[in-house]
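Asker: Return a 3D structure for these sequence lines:
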Amino acid sequence: MKAYLLFFLLVTLTYRGYSQSCATPIVIDFSKTADTAVTISGNRNGNCCSGSNCISFTVKVNPSTSLINFNSNQLAASGNYTVNCGPLTPIGTPVCISGLSTIQISFCKPGNNYIDYTITAIKGASTSGNIKLRQGCTGTMSVAGLLPLAVTWTSIYPGTTGTYNSYLSQTSGTSVNVTPAVGAPAYIDYKVTGSVSANCPGMENDTVRVYTFSPLAINIMPSNPLICPGTATTLTATPNGGNSPYTYSWSTGETTPSINVSIAGNHTVSVNDQITNCGPVITQTTVSIIMTVAPTASTAAICSGNTTTLTATAPGGPYQWYNATAGGIILSANSTYLTPVLSTTTTYYLQTTNSGCISSRTPITVTVNPNPSKPNITP
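Answerer: Residues are numbered from 1 along each chain as shown. Below you'll find the model as predicted:
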């Protein structure tokens, strides 16, 4: 595939002290690069192509070079040059050389002063290069160096010619959009064809390969995140499709695949892949806090030296009875708790579990009353 931008190699050579003619041309080798240029300083003092006071150049050209141009910022626009002793061409006007491997440029002008001459080889079709797209996403293919009205585009692989032309916004012009459908092949080759100039009737072509990837989709796990009061959960973005590796951007500002969340509400993640044309995919999940209900139980009053049974009444077990507001020792895991023999007022603490979340503890007080004094009996 060919690069889009022209690469010009500027080399300055100096030829002084001897004449130039068709018999002793300056040799320039452009065979390695289709788009390139050279600037040469020389004088004119020979005969060539029926002209006098000439300088001549033998140029070896690359097979992909379609045009040659001859110019100098020290020459009048009325000057002319010839290619292979052909018609006189105004300097600065490209000449078609498509299909030739070697050419001869001649320039004649009265006098023999030194002038800087620039010879430029110009490639024909030059595309914007291969692109990568997710299926359903739109990218642009373009070509330079061809006459806009003569440019055509068509798919050439896979399948027969034109099989995937339906993915194109148009099949003519120097720039077209391409949108691979879901289920498109792994890659599609599009050929662009056209003429480089009205004076160069031969058709030039180049190929652009469009690599396609399945659409990018994102899931956040768990799918319905619930957290207990005062706790956190881990949210993990799980992408599939596209062209990995992926990048992440959460609404919290974090850029990792997983984040810890302790706040209820909406949390959004933006995920992108290595396809710059298509942009990120955004998805959202809502974190909810499970609201727990503290249990209830009736208080009790007993006389000193007795026991009592405390019973949880709501909202449903399992229940745990403790001897402290936090931590402490679990006394019972049943809905009822039989106290030991008590001689002083004592408070117990009851908690329950709602949907896997532990509630706050409810204090249940057992009031211990003193026993009455033994009555005195007088005979």
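Asker: Report the residue spans of the stretch 251-379 of the chain with pLDDT below the cut-off.
Answerer: Applying pLDDT under 70 to the stretch 251-379 of the chain flags the ranges 379.
Asker: Please name the residues that touch the residue lying closest to I91 once chain neighbours are set aside.
Answerer: Nearest residue to I91, sequence neighbours excluded (C-beta to C-beta, 6 or more residues apart in numbering): G79, at 4.6 Å. In this view, the C-beta of every residue, glycine as well, is placed from N, C-alpha and C. By C-beta atoms under 8 Å, 6 or more residues apart in numbering, the contact set of G79 is 90-91, 107, 109.
Asker: again, but for D273
Answerer: Here D273 is in contact with 134, 213, 216, 239, 242-247 (C-beta under 8 Å, 6+ apart).
Asker: Who does T367 form a beta bridge with?
Answerer: Legend: beta-bridge partners of T367 under DSSP bridges are A301.
Asker: Pretty sure it sits against C303.
Answerer: No. Assessed by C-beta atoms under 8 Å, T367 is found out of contact with C303, at 10.1 Å.
Asker: Would you mind checking the contacts of G79 for buried ones?
Answerer: With burial judged by 16 or more other C-beta atoms under 10 Å, the buried subset of the contacts of G79 is 91, 107, 109.
Asker: so T345 makes contact with P370?
Answerer: No. Assessed by C-beta under 8 Å, T345 is found out of contact with P370, at 10.8 Å.
Asker: More neighbours: these two, which one.
Answerer: Shown here are T345 and P370; by other C-beta atoms under 10 Å, T345 has more neighbours (13 against 9).
Asker: Show me where the stretch 201-350 of the chain has its strands.
Answerer: With DSSP state E, counting those that start in this stretch applied, the stretch 201-350 of the chain shows strands at 217-221, 226-227, 233-240, 247-250, 258-261, 265-272, 281-289, 296-297, 300-303, 309-314, 319-322, 330-332, 336-338, 346-354, listed in chain order.
Asker: Now do the last one: which elements does it pack against?
Answerer: For strand 346-354, the elements it packs on are strand 309-314, strand 319-322, strand 362-369, judged by 3 or more C-beta pairs under 8 Å, 6 or more residues apart in numbering; DSSP states H and E.
Asker: Now with 10 Å, please.
Answerer: The contact analysis (3 or more C-beta pairs under 10 Å, 6 or more residues apart in numbering; DSSP states H and E) places strand 346-354 against strand 296-297, strand 309-314, strand 319-322, strand 330-332, strand 362-369.
Asker: got the domain boundaries for the chain?
Answerer: 12-123, 126-213, 217-289, 296-369 (automatic domain parsing).
Asker: How many residues are close by the residue lying closest to L216 once chain neighbours are set aside?
Answerer: Leaving aside its chain neighbours, L216 sits nearest to G242 (3.5 Å; criterion: C-beta to C-beta, 6+ apart). Number of residues near G242 (other C-beta under 10 Å) recorded here: 25.
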